[in-house]
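Structure for the following, please:
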Amino acid sequence: MDLIELDRFYHDHHAAAAALWTAACGPDLAISPAFVAFNTRPTTGIAQAGRLALEAGRPIGFVLASAVVSDPTLTTGWIDAIAVAPEAQRQGVGSALLSWAEAWLRAQGCTRARLGGSLRPFAPGLPVPLAADFFLRRGYTITGAEWDVARDLADYPNDPAYATDAILRPTRPGEEPLLLEFLAREFPGRWHFECQEFLREGGRAADWLLLWPAGAERPVGFCQVTLEDSLRPIERFYPHRLPRPWGQFGPLGVAREARGQGYGAAVVDGAARYLRDLGVRGCVIDWTDLVAFYGKFGFQPYRQYQVLVKALV
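Next up, the predicted model:
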């Protein structure tokens, strides 16, 4: 077996990684080469590297890892993705790939590795029912769980579920600075950073919805949506079991000063009706532990993920 560099700019490597992931995880978690290409684009302040395992020149496994290099205080690195072809499993391939990734993360100054959940995530964690035993035997511990919830929007109610004076609408051309200012003020960190990257790469500003109370000079809430033609690939949310057209929303949030006034419910309800009116049926809200809250809007548990971490020191 040979480990070679996973070339993040080479289509054949994207295709090999997508095929390996889909074979290892099953059709319900299928991904495409275009999705791998998106998840391996250069990201500001992030280092990313991977290895492709070959047997007689044939790809049998891959691993991808990433780390924040622009801020030395952020020392958790990510195993973005790891997969081994079913016929090559239990032969040491996965162990070799994981060991390489952990050594690479240590070299970037990381003191902890997390499986999934990176800034360009393949998944928030290990999808259930994939077994965690492989990782537990190699020093990882389960620290929690995350959920995707979903529903068919075809029968979503016409009338607003929560009465407010606020309107949720897409960000308009020229409002990008206002959107970024809101996120920087209320949600500094990951969500602000992801919006900056999204707009830098030419993403559609209208994929970010803002909640405006009547007469307000600035928004009090936001929500990102993903459609089948969005910059962010819809397959990132694995909607394969849902009816098409597909859609997604999240992250979402409300300004600190406006919480406790029903605006959070207005964002969820407004986003669901916005996507329904665009013709979306299968809709996913990803990466949450607020299952009961979203259940009030008819969203039911769709997929669970185990959060696994390992100390690297």
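
Which helix or strand contains G270?
helix 263-277 (DSSP states H and E).

got the CA coordinates for that helix in PDB?
Only the C-alpha atoms of helix 263-277 are listed here, as PDB (Å, rounded to 0.1, in the frame of the first residue of the first chain):
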ATOM      1  CA  TYR A 263     -38.300  36.300  17.000                       C
ATOM      2  CA  GLY A 264     -36.500  32.900  16.900                       C
ATOM      3  CA  ALA A 265     -39.800  31.200  16.100                       C
ATOM      4  CA  ALA A 266     -40.500  33.900  13.500                       C
ATOM      5  CA  VAL A 267     -37.100  33.100  11.800                       C
ATOM      6  CA  VAL A 268     -37.800  29.300  11.700                       C
ATOM      7  CA  ASP A 269     -41.400  29.800  10.500                       C
ATOM      8  CA  GLY A 270     -40.500  32.400   8.000                       C
ATOM      9  CA  ALA A 271     -37.600  30.400   6.500                       C
ATOM     10  CA  ALA A 272     -39.800  27.300   6.200                       C
ATOM     11  CA  ARG A 273     -42.500  29.300   4.400                       C
ATOM     12  CA  TYR A 274     -39.900  31.100   2.200                       C
ATOM     13  CA  LEU A 275     -38.500  27.800   1.000                       C
ATOM     14  CA  ARG A 276     -42.000  26.300   0.500                       C
ATOM     15  CA  ASP A 277     -43.000  29.200  -1.600                       C
END
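
So which residues make contact with it?
153-154, 156, 158, 160-162, 164, 166-168, 170, 209, 211, 213, 220-223, 225, 227, 247, 249, 252-254, 283, 285, 294, 296-297 (CB atoms under 8 Å, 6 or more residues apart in numbering). (C-beta placed from N, C-alpha, C; glycine too.)

how about a cut-off of 7 Å?
153, 156, 160-162, 164, 166, 168, 209, 211, 220-221, 223, 225, 247, 249, 252, 254, 283, 294, 297 (CB atoms under 7 Å, 6 or more residues apart in numbering).

Tell me, how many residues neighbour R172?
By other CB atoms under 10 Å, 12 other residues sit near R172.

and the gap between the residue nearest in space to the middle of the chain and H14?
The C-alpha lying nearest the average C-alpha coordinate of the chain belongs to P121 (CA atoms, centre = their mean; 4.5 Å). As judged by CB to CB, to the nearest Å, P121 and H14 stand 17 Å apart.

what about the helices in the chain?
Ranges of helices within the chain are 11-25, 33-39, 93-107, 133-136, 176-186, 190-200, 263-277, 291-295, based on DSSP state H.

Mean neighbour count, the ones you listed: which tops it?
Mean neighbours per residue, mean count of other CB atoms under 10 Å, is largest over those for helix 263-277, with a mean of 21.

tell me the strands in the chain, going along the chain?
2-5, 46-55, 58-68, 76-84, 112-115, 126-127, 141-152, 166-170, 208-213, 221-227, 246-254, 282-288, 300-311 (DSSP state E).

for those, which one sits closest to W21?
Of all the strands of the chain, it is strand 76-84 that lies closest to W21, at 4.5 Å by CB to CB.
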